[in-house]
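>>> Below are the sequence and a predicted model; questions follow.
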Amino acid sequence: MRTIDDFTRPLEYLSPLDDPLGKIVRDWAENYVIPHRRKFDEDWKEHALIEPAFKKLMGELGMQRVLFPEDLGGWGLGRSNYVGTASYRLFEEVARADSGMAVAFGVVYWPMVMIAMEPHVNRELCEEFAPIFCNTTEPRFAANAMTEPQGGADIENMEIVGGSTIQTTAVLDGDEWVINGHKLWPTNSGGVCDLFGVVCTTNPGSRDPNDFAFIFVPADTPGVTQGPPYQKAGMAADKNGDIWFENVRVPKSYRAHGPGLDLMYFKEVISFGNMGSISFVGGVMLNVFERLYEFVSSETYKGQPLKEHDAVAGVLADFVRDTEIVRMCGYQYARMLDRPDLYGPRWSDEMVAKGRAIKYWACDQGMADVGKAMNLMSSYGADRDWDIEKHWRDLKIVQLWMGGKQLCQAEVARWFFDLETV
Amino acid sequence: MSSHDLFPCMYEWMSDMDVSLAGNLRRWAESELMEKRLELKEDYAALLAPAMRKLFCDIGLQRLFWPEAHGGDGHNSPSAAYTMVAALEQVARGDTGIALLLSSLWALQTCVATEGRVNEEACEALSPVITSNDAPAIVSLVLPLFRDVPQAKAKLSRGSWSVEAEKARPASSGADASVFAVLCALEGVDDPGDALGIVAIPGDAKGIKRGSAFLKTGLAADRNADVEFAKVKAPEAMCVARGVEACRAALAWFYLGVSASNVGALFACHEILKEWGDNRVIKGKGNIFKDNPLTAAVMAEVAKEISVDRLLTCDLARVLAEPAIYGPAGSEANFVTASMVAHQVAQSAEKAIGNAMEMMASAGYATEWNLERYWRDTKTMQLCLGPYELAKMDVARYFYQSQAR
């Protein structure tokens, strides 16, 4: 019998953590998530079922510490040359169980990309924030506060709008930044966040890259208010909500790097977001394969397993083809992030564009394939007991976030065809 | 301009009553569902059940196509196809799940009560349910999960059918059904062409065992559950569709209902997307979302899908409404047409609503904007049609005389 381990992995450049971490996370998924995940939708607000699984993964198994330097209690992954491929495997395994948990877990890393990654480690900020994540066995959450009410993903469309639409302001007052603004939708908001990375402008309306600021704000800082979580089509494990910053004061040193550099390394955040999204698609498709295998083997049509019908087999083959391609492209992009010496800086427009291209292809193809898998299952396709419909709802959210398909298209076309206005 | 007027429709085939009914149902959808759903979401008891009761009983849609002689409104000629489309578009715009329940009910009624071939005994038996002023008539269609393999069997003995199914998965409403319409393999029948039939069984018949309602992707108004039929007895006349052609006719009418319901969901999708496109600003102040060529192109695709789906659904209604021109609803040609239209419209709805969600990014999947519910609902309804890959075998058989099974 074939299993998900029969899908191809790039053996020649897997990280040394691939196998051990993969096994640990799969064991966690089997014991702490998969038996409970069918009840997660109703737990979207309270997280009574979801929280213990986070505690085990992030706090007790220590996965929330991996990016930080070893001497600060982390695992040093941010300073390794396999942060991409190791993360890919981790996220894929979590997403196989629940992609909402995968994004919540992945986004704990996300603001830290700004400060914990070579060659731009901000040692002072790592020392400041590592204890939040490393000195506890409780789960701790970080969030990138980017999206704003007036323009959604415009924040991420830096090449065209150049930060001019950002309305969250940061004003230097002595040795402190004073932050005011309203953010929406970050993963790990909705009341759970411990540390925000906030995208701000130091000069509203400016397109000057020097005016883009990425400033860390602990969630318990006076003036920070988190709204309740939104209800969504899926991904109950990921809480999203409003955040208001009202005259929030943080030390001057909480700005990630400073004028020009904040924007430059913020693009690396986008690259990692793309890699993570691809890994989530891959993880979802692996679990859909498992559940679909069981269904088409056990259900019969005219005296034979459903999978033995030639036309059905064609759909099954397409599903495997695309799962293989997502896996291969995803690992390849992760490898490109691991080797900037070969592929260029992770924050380059080229790397962002290539990540966007694979991300939106994987999402589109994944949505189509999982939708067809549901269709093969007749009424059982919509039945939560078969898990596939949950993955279908969750995957739609992966497809739509980070600016959705159209921003991906714009960035891909812009880089490859030298567009100037789109 | 409402979506009813905006998207192309063959108005020449519709009566004044159809248009008037659509207007009334539009108002029902707005007052009973759309104005309340921000607060009540998909709450069955607080929102959906009261809206359904008003629609089925007070407005009386469950009696509309029932013969006057049996307490109905007597609109039971094949031309009811247009009325069904006009009504279901508006009902589904308010709630797609309620539209599915109506589609199931009306599919059964076409078997039992179509003008010229009224099954008097079955009408007599079902009238208390259909003409009730108190409770919605909920019909659960138990159709093949996989194309042409029934989930149940029925045996005729001494003027009574005995229906058996171990664990049937209805297309809808297993938990709430007041009547089951079970497509069965008929045993002990001499003519192989007669070996399929739909047996109508009251929901409280002895031997019916319902499971718990299961959680599913969408269609919250439809509470479905697996059902066991243990030698459930039904009088011979309750086999309301006997033979392949009669069963195909029932399915063709059901497919019309599913198509019209998808069009109604698409109307709602258009309204939500239009509001977004009119008001959202991108790339800084002054750049209205709908005026960006990239997003305008996707919005145009959504409008194209809705327009074509509506025309296709109107055409299918025409085919079923005019047997003198197109032959009986259950002919192979008409059944294949109905199947193709239903699958095409269902897939198109999935694509169009998916595209609209992409336009709205996070708002697309936030329950607050309501679009995501139509996306879940239309996908769930698509699955009531069974696997498309197997339905293609019927198409290949008709167009190419393929023997593929």
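Structure's in. What do you need? Numbering: from 1, shown residues only, chains lettered A, B, ... in the order given.

>>> Quick one: residues contacting A:G74.
A:G74 makes contact with A:65-68, A:116, A:130, A:133-134, according to CB atoms under 8 Å, 6 or more residues apart in numbering or on different chains. C-betas here are computed from N, CA, C, even on glycine.

>>> Could you report the distance from it to A:L195?
Using CB to CB, to the nearest Å, A:G74 is found at 15 Å from A:L195.

>>> Was I right to think B:M359 contacts B:K274?
No: with contact defined as CB atoms under 8 Å, B:M359 does not count as touching B:K274 (10.6 Å).

>>> Of the two, which one has the most company?
Legend: neighbour count by other CB atoms under 10 Å in any protein chain shown for B:M359 and B:K274, higher for B:M359 (25 against 17).

>>> and the more buried one, what pLDDT?
Predicted confidence (pLDDT) for B:M359: 93.

>>> repeat for A:I155
For A:I155, pLDDT reads 66.

>>> what's the answer for B:S3, then?
pLDDT, read off for B:S3, is 62.

>>> Just the terminal-to-terminal distance for stretch A:12-20.
Stretch A:12-20 has an end-to-end distance of 16 Å (CA to CA, to the nearest Å).

>>> Give me the contact list for that stretch.
So stretch A:12-20 is contacted by A:9, A:77, A:80, A:82, A:85-86, A:89, A:331, A:335, A:338 (CB under 8 Å, 6+ apart).

>>> at 7 Å what do you get?
Applying CB atoms under 7 Å, 6 or more residues apart in numbering or on different chains, the external contacts of stretch A:12-20 come out as A:82, A:85-86, A:89, A:335.

>>> Take those residues and lay them out in a markdown table including distance to chain B and secondary structure.
Output for the contacts of stretch A:12-20, formatted as a markdown table (distance: CB to the nearest CB, whole Å; DSSP: H, G, I helix; E, B strand; the rest coil):
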| residue | distance to chain B | secondary structure |
| --- | --- | --- |
| A:Y82 | 32 | coil |
| A:T85 | 29 | helix |
| A:A86 | 29 | helix |
| A:R89 | 27 | helix |
| A:R335 | 29 | helix |
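
>>> Could you work out the most separated pair of those?
A:R89 and A:R335 (11.8 Å; CB to CB).

>>> more crowded one of the two?
The neighbour comparison of A:R89 against A:R335 (other CB under 10 Å) goes to A:R89, with 25 against 20.

>>> Name the helix or strand for residue 84, please.
All of this refers to chain A. Applying DSSP states H and E as the criterion places A:G84 in helix A:83-97.

>>> oops, I was thinking of chain B
Using DSSP H and E, B:M84 maps to helix B:80-94.

>>> List the contacts of that helix.
Contact with helix B:80-94 is made by B:13-15, B:18-19, B:21-22, B:25-26, B:28-29, B:33-34, B:55, B:61, B:65, B:75, B:98-99, B:102-103, B:106, B:256-257, B:260-261, B:263-265, B:267-268, B:313-314, B:317, B:320-321, as judged by CB under 7 Å, 6+ apart.

>>> show me what contacts B:R310?
Residues in contact with B:R310 (CB under 7 Å, 6+ apart) are B:7-9, B:263.

>>> What are the boundaries of the helices in chain B?
B:3-6, B:16-29, B:37-40, B:49-53, B:80-94, B:96-113, B:120-130, B:244-279, B:293-321, B:323-326, B:332-365, B:371-383, B:388-400 (DSSP state H).

>>> among those helices, which is nearest A:A311?
Closest of the helices of chain B to A:A311 is helix B:388-400, at 4.2 Å (criterion: CB to CB).

>>> mean confidence for the closest one?
96.

>>> how distant is it from the center of its chain?
How far helix B:388-400 lies from its chain's middle: 22 Å, per CA atoms, centre = their mean, to the nearest Å.

>>> is that helix anywhere near chain A?
Yes: using CB under 7 Å from any CB of the partner chain, helix B:388-400 reaches chain A at B:388-389, B:392.

>>> Those residues into a markdown table, with extra columns for neighbour count?
As requested, those are exported to a markdown table (neighbours: other CB atoms under 10 Å in any protein chain shown):
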| residue | neighbour count |
| --- | --- |
| B:Y388 | 20 |
| B:E389 | 21 |
| B:K392 | 17 |
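
>>> Nearest to chain A among the residues you listed?
Closest approach to chain A among the residues of helix B:388-400 next to chain A (CB to the nearest CB): B:E389, at 4.2 Å.

>>> The closest one against A:V315, yeah?
Yes: if you go by CB atoms under 7 Å, B:E389 and A:V315 touch, sitting 5.8 Å apart.

>>> how about the residues of chain B near chain A?
Counting by CB under 7 Å from any CB, chain B sits next to chain A at B:145-146, B:149, B:169, B:171, B:214-217, B:281-284, B:294-295, B:350, B:354, B:357-358, B:361-362, B:364-368, B:372, B:376, B:379-380, B:382-384, B:386-389, B:392, B:405.

>>> Tell me what angle the helix or strand harbouring A:M275 forms with helix A:83-97.
Using DSSP H and E, A:M275 sits in helix A:261-298. With axes from the mean of the first three to the mean of the last three CA atoms, to 10 degrees defining the directions, helix A:261-298 sits at 40 degrees from helix A:83-97.

>>> Would the helix or strand just after helix A:261-298 count as contacting chain B?
Sequence order places strand A:300-301 as the next helix or strand after helix A:261-298, per DSSP H and E. Yes: with CB under 7 Å from any CB as the criterion, chain B is reached by strand A:300-301 at A:Y301.

>>> who touches strand A:300-301?
A:306, A:309, B:146, B:149.

>>> if you set the cut-off to 6 Å instead, what comes out?
Contact with strand A:300-301 is made by A:309, B:146, as judged by CB atoms under 6 Å, 6 or more residues apart in numbering or on different chains.

>>> The helix or strand following that strand and chain B, are they touching?
Heading C-terminal from strand A:300-301, the first helix or strand you meet, by DSSP H and E, is strand A:304-305. No: if you take CB under 6 Å from any CB of the partner chain as the test, strand A:304-305 misses chain B, and the best it gets is 10.4 Å.
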